[in-house]
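[1] no sequence for this one, just the structure:
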C-alpha cells in the first residue's frame, strides 16, 4: 500500500514539474520580446550562457559528457539548425507578437508528421494528414486576418520547420545518449556557427551592447529557460509516459499566450480571425496524441487473442 502511495506521489510531483517546465518554455517568448537586442545577438548570448551552465551542471554532478568524434560532429552540425530555429523564432516575435510566434511554432507537429515518414521511408498516417489539414486551415485564417504580421508568420513557420528537422535528428540520437549531453554539443555548435556568421558579417559591434535589464533577462533565458528546463524536462520522462509528456508539452503555446496577455496586455490583443485560427491549430495539436493513443490501444487489443 505504501509503495502505491509513493508511486502516486512521485507521479504527481513529476506532473507538477513538467507543467512548471512547460510554463518556463512558454516564458521564453516573453523574454524574447523584453530583450532589446536583435534576434541573432540574443541567440548568441542565449546559447553561450546555456552551454556554459550545462558544463557547470556536468562538473557539479560529475556527469561524464565526452562523446566519440563522429557523434560530436553530428551534434555540432545539428547546432546550425538549432541556432537557426531560435533566431527565426525570436525574429518572429520581434516582427509580430509573442502570440503569433507561438501559434506558428505549433506547426512543428505538421512538419514532423510530413518529414519523419519521408525520412524513414514510411507512409504518412491518415490521422497525421487530417491533423496537418486542420493546422494549415488555422494558419491560413491567421494569415488572412493578420496581414500586418506577414513577416512574423513566415519567420514563425520557418522556425517550426527547423525545429521539426532537429527534433527528428534528436529522436534518433536520444536512444544512444542522455538529452542534456545532446543539447550541450548542439548548443556549442549553434554558438560557433553564429559566431562565424557574425565574424563574416562584421557583426561584433555596438549592437551587441547589453543594458542591465537585457543581461538579467538573458541570464534567466540561458539558465532557467534553456539548460535548467531541458534537464527537468528529461528527468520527468523516467516516471511519466511519452503520451503524457507529449500531451502536456502541447500546452506550451497556451501558457505562452496567457503569459503574453499578463505581461503585455493590449499589445497582444488580436483579431477574432486570429483566435479562431489559433483555436483550430491548438485543438488539432492537443487532440493529436490523445486520438493517436486511442488508435494504438485499439490496434493492440485486436492483436491480443481472447481466451
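    Perfect, thanks for sending it. Treat the numbers as computed from the prediction; the structure is a model and nothing was measured.
[2] report how many residues lie close to residue 300.
    Residue 300 has 9 neighbouring residues, counting by other C-beta atoms under 10 Å. (Each C-beta comes from the backbone N, C-alpha and C, glycine too.)
[3] any idea which element it lies in?
    Assigned by DSSP states H and E, residue 300 falls within helix 272-303.
[4] what comes up buried for that helix?
    274-275, 277-278, 280-282, 284-286, 288-289, 292-293 (16 or more other C-beta atoms under 10 Å).
[5] tell me which other helices or strands it touches.
    Packing partners of helix 272-303 (3 or more C-beta pairs under 8 Å, 6 or more residues apart in numbering; DSSP states H and E): helix 98-105, helix 108-119, helix 126-145, helix 242-249, helix 252-264.
[6] tell me which of those helices sits most buried.
    Of all the helices and strands packed on helix 272-303, helix 98-105 has the most neighbours on average by mean count of other C-beta atoms under 10 Å, namely a mean of 28.
[7] ok, and what's touching that helix?
    With contact meaning C-beta atoms under 8 Å, 6 or more residues apart in numbering, helix 98-105 is reached by 26, 29-30, 32-33, 89, 92-93, 138-139, 142, 146, 149, 152-153, 155-157, 159-160, 163, 252-253, 256-257, 259-260, 264, 268, 270, 274, 277-278, 281-282.
[8] likewise for stretch 41-48?
    Under the criterion C-beta under 8 Å, 6+ apart, residues 32, 35, 37, 82-83, 86-87, 90, 187-188, 190-191, 194-195, 198, 203, 207-208, 210, 218, 221-222, 226 lie in contact with stretch 41-48.
[9] where does the stretch 201-307 of the chain have low pLDDT?
    Along the stretch 201-307 of the chain, segments meeting pLDDT under 70 span 234, 237-238, 241-243, 246-247, 302-307.
[10] try it again at 80.
    The model of the stretch 201-307 of the chain has pLDDT under 80 over residues 230-231, 233-250, 266-267, 269, 286, 289-290, 292-307.
[11] so, low pLDDT: which residues of the stretch 1-150 of the chain?
    1-12, 109, 113, 119-126, 128.
[12] distance-wise, check residue 134 relative to residue 93.
    Per C-beta to C-beta, to the nearest Å, residue 134 is found 24 Å from residue 93.
[13] for residue 121, helix, strand, or coil?
    Secondary structure, DSSP: H, G, I helix; E, B strand; the rest coil: residue 121 is coil.
[14] phi, psi of it?
    phi 60, psi 40 (degrees, to the nearest 10).
[15] that one: how many residues sit nearby?
    With other C-beta under 10 Å as criterion, residue 121 counts 6.
[16] before we move on, back to that, turn the helices and strands packed on helix 272-303 into TSV, including distance to residue 53.
    TSV is the format used below for the helices and strands packed on helix 272-303 (distance: least, C-beta to C-beta, whole Å):
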stretch	distance to residue 53
helix 98-105	23
helix 108-119	25
helix 126-145	34
helix 242-249	22
helix 252-264	21
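[17] nearest to residue 300, of these?
    Closest to residue 300 of these is helix 242-249 (C-beta to C-beta; 13.3 Å).
[18] quick check: buried residues in stretch 162-178?
    By neighbour count on 16+ other C-beta under 10 Å, the buried set for stretch 162-178 is 162, 163, 164, 165, 166, 167, 168, 169, 170, 173.
[19] can you pull the contacts of the fourth one?
    It refers to residue 165. Here residue 165 is in contact with 81, 111, 115 (C-beta under 8 Å, 6+ apart).
[20] from the chain's centre, how far out does the helix or strand hosting it sit?
    In the assignment (DSSP H and E), residue 165 maps to helix 150-173. When C-alpha coordinates are averaged (C-alpha atoms, centre = their mean, to the nearest Å), helix 150-173 and its chain have centres 9 Å apart.
[21] next: stretch 265-274.
    23 Å.
[22] same thing with stretch 36-48?
    Centroid displacement of stretch 36-48 relative to its chain, using C-alpha atoms, centre = their mean, is 17 Å.
[23] can you list the buried residues in it?
    Here stretch 36-48 shows 37, 38, 39, 40, 41, 42, 43, 44, 45, 46, 47, 48 as buried, counting by 16+ other C-beta under 10 Å.
[24] mind putting those residues into JSON lines with secondary structure and distance to residue 128?
    Output for the buried residues of stretch 36-48, formatted as JSON lines (DSSP: H, G, I helix; E, B strand; the rest coil; distance: C-beta to C-beta, whole Å):
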{"residue": "37", "secondary structure": "coil", "distance to residue 128": "38"}
{"residue": "38", "secondary structure": "coil", "distance to residue 128": "36"}
{"residue": "39", "secondary structure": "helix", "distance to residue 128": "31"}
{"residue": "40", "secondary structure": "helix", "distance to residue 128": "33"}
{"residue": "41", "secondary structure": "helix", "distance to residue 128": "37"}
{"residue": "42", "secondary structure": "helix", "distance to residue 128": "33"}
{"residue": "43", "secondary structure": "helix", "distance to residue 128": "30"}
{"residue": "44", "secondary structure": "helix", "distance to residue 128": "35"}
{"residue": "45", "secondary structure": "helix", "distance to residue 128": "37"}
{"residue": "46", "secondary structure": "helix", "distance to residue 128": "32"}
{"residue": "47", "secondary structure": "helix", "distance to residue 128": "31"}
{"residue": "48", "secondary structure": "helix", "distance to residue 128": "37"}
